[in-house]
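[1] Have a look; sequence and predicted model below, questions after that.
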Amino acid sequence: MVKDAYDMFFKNISMQFHDDSLVNALVEDAEELAKYGEKRVALENFLENVLANEVTISKEAVTLAEKAFSDAPNDYDIELINELKKTDVT
């Protein structure tokens, strides 16, 4: 996990969705996992929930998520990013 990109991703999301209670709850869940050193799982869960709830995130956020996974992406990480790339419109 690339910590700087991870941190920038969640900062971007928090700014983009500051008034969205669903996204804010998803961010809080991710922050809880991250406290225990589970940043990859936190990001994966967040992205899964974004896709499941049909929340569209910015192209910049997708790029940051991809960078966060870039140190050692697994097949699932790549699949999540590819799904997000299909849905992003901004």
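    Alright, I've got the coordinates. Numbering: from 1, shown residues only.
[2] thought A68 was touching V2?
    Yes: the pair A68 and V2 qualifies as a contact (CB atoms under 8 Å) at a distance of 5.2 Å. No exception for glycine: its C-beta is placed from N, CA and C like everyone else's.
[3] Could you check which of the two is surrounded by more residues?
    A68 (24 against 17; other CB atoms under 10 Å).
[4] Which strand or helix spans that one?
    Per DSSP states H and E, A68 falls inside helix 59-69.
[5] how about A25, secondary structure?
    helix (DSSP: H, G, I helix; E, B strand; the rest coil).
[6] measure it to K3 for me?
    Counting by CB to CB, to the nearest Å, the gap from A25 to K3 is 23 Å.
[7] which ones are touching N24?
    Counting by CB atoms under 8 Å, 6 or more residues apart in numbering, N24 touches 14, 17-18.
[8] switch the cut-off to 6 Å
    Counting by CB atoms under 6 Å, 6 or more residues apart in numbering, N24 makes contact with nothing.
[9] where's it relative to K35, distance?
    Taking CB to CB, one finds N24 at 17 Å from K35.
[10] try F10
    Separation of F10 from K35 (CB to CB) stands at 13 Å.
[11] Have a look at the two and say which one is more surrounded.
    Ranked by neighbour count (other CB under 10 Å), F10 and K35 place F10 first, with 21 against 10.
[12] so who does that one touch?
    Counting by CB under 6 Å, 6+ apart, F10 touches no other residue.
[13] for this structure, what are the low-confidence residue spans?
    In the predicted model, the chain carries pLDDT under 70 at residues 88-90.
[14] which stretches of it form helices?
    3-16, 21-35, 39-52, 59-69, 75-87 (DSSP state H).
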